[in-house]
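with the sequence up front, the predicted model follows.
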Amino acid sequence: MSLLAAGIMMTGTLNVSGCGRELPGALKREETVTSTEAVEESESGELPGAAGASESGELPGVAGASESGGQSGTAGASESGELPGDAETAGSSGKAPVSSHTRWKSKEPLPERYDAREHGRTAQVQDQGDLGTCWAFASLLALESSLLPEQAYDFSEDHMSNDPNFALSQEVGGDYTMSMAYLLSWRGPVLETQDPYGDGVSPQGLLPARHVQEIQILPERDQETIKRAVLAYGGVQSSLYTNLKNATTQSEYYNSKTGAYCCPGDRIPNHDVVIVGWDDHFPKENFLTEVEGDGAFLCQNSWGPQFGEEGFFYVSYYDGNLGKTNLCYTSVEVADNYDRIYQSDLCGWIGQLGYGAETAWAANVYETGSQAEQLRAVGFYATGRDTDYEIYVVTDLSEHPAQSGSHELEAYKMAAGGHLDYSGYYTIRLPQAQALSPDSRFGIMVRLTTRDAVHPIAIEYDTGDGKCRIDLSDGEGYISPDGKNWESAENVQKCNLCLKAYTDLDETP
């Protein structure tokens, strides 16, 4: 059987958030690049991938978080240690959290008004100054709020926005998928005290204070889901268009007297904020622009306490952008949850790959160190809503597991399976750990079926837009339409697969 041609897709629109600037870097990502045969181009409106780069210098097949555990991916607490009150709780920290993708979907009626400030669930208001770092502030404010009120952190925006894997400078701006790539690869978050904002320097070798294991991307314009996520996690990262540049500028879309903002038109978003509440009866008369009705989301900005209501403002339900892209940090764990992370996608979700069908297979091969390990979990992106997954493991692989006539990648064992409602990144804890021998090669494999998708597999690759420095030498991935016929992701499709493995060292004598 000959392989169908796999298609790589740059999907949707990458909106570079430059904090009120009109940016030439806002890139339209629509084209599809295929191998030897054309495949159907997706019109599913799937979400874009990240802009970033990878210069980890890690050994082939073993990808540890750059600057956060070295070659093996060993992770520890940050130099200053965990903050007081760092209890292990299921869903947010600890050794064996339950995936939270169904935890907060209550059927209880929503209140007509909610303000996270009144419940101690908003992080300290920050000021990004003149730099285009709103994307980093929004990401980390939402992350911090997800841990409140039990645990109070101040994470470093400088460390995220100065990450050497990203080609964009702090002045230019960034994208929410860059923050996803940074956090999910365990390069951060680090504490503000370790890398203070605005000094232009980010120390090397800092270890993350927490491990982010799950980030859900909520459905577009689904106000009820956004509200329930705010109730459960304190804040939802989103974006809007603004011609405001800081707390002192004025705009036809912003009423500074009432702290009310609405830009109803179809503009490319350029500023990230955090939704921390709502008021269904916020008067439409409070807005300078004409809106259809009452109601607004309460948002936290990153322009200091002098903006709005001490750093907070209201955005109309009828704003043209807020609520289209929504990130929720649904599983944030302690920094010793696993001993090692294996990965080759330090730049994260840049594009998607598939065979013109809802289902595709992906496998990454990694090499263990000198000590036996236990495979505890597997992480991957769901690139669209309603994704069914099956996870398989294969051990003791040769150097060429996909060569002609070899059936090594077919000798897999089912390890887990399930369904994911929303797109995003998920870490799936295996019901039973899989033993890995020392100095051996093992493969993790996923079969993903995403409703209405033609490219269900998330990948990183060089788009040629000048924003990425992709290193294909740190990965060994394979793709297949059926789990039987495999081809190299790096050699044939020139990409790395976004498929991570989490292990613990086997301490058994």
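Sure, I can see it.

let me know the pLDDT of Thr463.
Note on Thr463: pLDDT of 85.

confirm that it sits in a helix.
No. Thr463 is assigned coil when assessed by DSSP: H, G, I helix; E, B strand; the rest coil, not a helix.

that one touches Gly351, doesn't it?
Yes. Assessed by CB atoms under 8 Å, Thr463 is found in contact with Gly351 at 7.1 Å. To be clear about C-beta, it is placed using only N, CA and C from the backbone, and glycine gets the same treatment.

more crowded one of those two?
Higher neighbour count among Thr463 and Gly351: Gly351, with 28 against 20, using other CB atoms under 10 Å.

return the backbone torsion pair for the more buried one.
Dihedral angles of Gly351 (phi, psi; degrees, to the nearest 10) stand at phi -150, psi -170.

gap between it and Arg451?
Gly351 sits 19 Å away from Arg451, going by CB to CB, to the nearest Å.

what are the ranges of the helices in the chain?
Remark: helices assigned in the chain by DSSP state H are 134-147, 157-161, 176-184, 223-233.

let me know the angle separating the longest one from helix 176-184.
Meaning helix 134-147. Helix 134-147 runs at 50 degrees relative to helix 176-184, counting by axes from the mean of the first three to the mean of the last three CA atoms, to 10 degrees.

roughly how far is helix 134-147 from the heart of the chain?
On the basis of CA atoms, centre = their mean, to the nearest Å, helix 134-147 sits 12 Å off its chain's mean C-alpha point.

now do the last one
Here the centre of mass of C-alpha atoms in helix 223-233, compared against the chain's by CA atoms, centre = their mean, lies 18 Å away.

then the shortest one?
In this view, helix 157-161 has its centroid 15 Å away from the chain centroid, taken as CA atoms, centre = their mean.

so what sits opposite the nearest residue to Tyr314 once chain neighbours are set aside in the bridge?
Spatial nearest neighbour of Tyr314, excluding adjacent residues (CB to CB, 6 or more residues apart in numbering): Ala296 at 3.9 Å. Beta-bridge pairing for Ala296 (DSSP bridges): Asp279, Ser316.

and Ala296, how many neighbours?
Every residue meeting other CB under 10 Å relative to Ala296 is counted, giving 29.

let me have the helices of the chain in TSV, adding mean neighbour count and distance to Glu399 as columns.
TSV is the format used below for the helices of the chain (neighbours: other CB atoms under 10 Å; distance: least, CB to CB, whole Å):
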stretch	mean neighbour count	distance to Glu399
helix 134-147	28	39
helix 157-161	27	37
helix 176-184	28	29
helix 223-233	20	44
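
redo those helices as JSON lines? Include distance to Tyr389.
Converted to JSON lines, the helices of the chain look like this (distance: least, CB to CB, whole Å):
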{"stretch": "helix 134-147", "distance to Tyr389": "24"}
{"stretch": "helix 157-161", "distance to Tyr389": "28"}
{"stretch": "helix 176-184", "distance to Tyr389": "17"}
{"stretch": "helix 223-233", "distance to Tyr389": "21"}
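
closest to Asp195 out of the ones you listed?
Asp195 lies closest, by CB to CB, to one member of these: helix 157-161, at 4.2 Å.

and that closest one, what other elements does it pack with?
If you count contacts as 3 or more CB pairs under 8 Å, 6 or more residues apart in numbering; DSSP states H and E, helix 157-161 packs onto helix 134-147, helix 176-184.
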